[in-house]
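Participant: Generate a structure from the sequence data that follows.
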Amino acid sequence: MSKVEAFLTADEEQEIISAIRIAEKNTSGEIRVHIEATSKLEHSERALEVFHLLKMNNAKDENAVLIYVAVNDKKFVIYGDKGINNVVPKDFWDTTKNVILNHFKKGDFKQGIVDGILTAGSELKAHFPWQIDDENELSNEISKG
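Facilitator: Numbering: from 1, shown residues only. Okay, here's the model as predicted:
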């Protein structure tokens, strides 16, 4: 079993998908999680690349958020599109990274990702509340590379 497959159990993956659904329930924002073993690129560059590969840049309000994890490298990146980046407090992403990192340091990867999702979702809701004509533009499934 690869480190990517061993990173989360099937039940933990379902809990993360549920957290995405909960976070997106009250916002037009979109949240995705991508997990892969390693990156030859700088992790922030790879996160941006994955963001485009997953077509997250097509969210109509530019309010998509990617949580990218490189398991073997022990690195993660939170990438927010322009719409959300323009309205969140200056230190928001650092605060969200710290929430995730505190769990990751204890080996509780699932909870770190869930709390990161819910934190981002709360901020998305504040700035991009759900509207009657909103639709889920992107899959909630965890992508793997």
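
Participant: need the next SSE after the helix or strand of the chain with the lowest mean pLDDT, C-terminal direction.
Facilitator: Lowest mean confidence among the helices and strands of the chain (mean pLDDT, DSSP states H and E): helix 3-7, at a mean of 81. Per DSSP states H and E, the first helix or strand lying C-terminal to helix 3-7 is helix 10-24.

Participant: now the angle between helix 10-24 and the helix or strand just after that following helix, please.
Facilitator: Moving toward the C-terminus from helix 10-24, the next helix or strand (DSSP H and E) is strand 30-36. Relative orientation of strand 30-36 and helix 10-24, computed by axes from the mean of the first three to the mean of the last three Cα atoms, to 10 degrees: 150 degrees.

Participant: same for strand 30-36, what does it pack against?
Facilitator: Judged by 3 or more Cβ pairs under 8 Å, 6 or more residues apart in numbering; DSSP states H and E, the packing partners of strand 30-36 are helix 3-7, helix 10-24, strand 64-70, helix 109-127, strand 143-144. From N, CA and C alone the C-beta is placed, and that goes for glycine too.

Participant: show me what contacts the residue nearest to H43 when sequence neighbours are not counted?
Facilitator: The shortest distance from H43 to any non-neighbouring residue, by Cβ to Cβ, 6 or more residues apart in numbering, is to K75 (4.6 Å). K75 is in contact with 39, 43, 69, counting by Cβ atoms under 8 Å, 6 or more residues apart in numbering.
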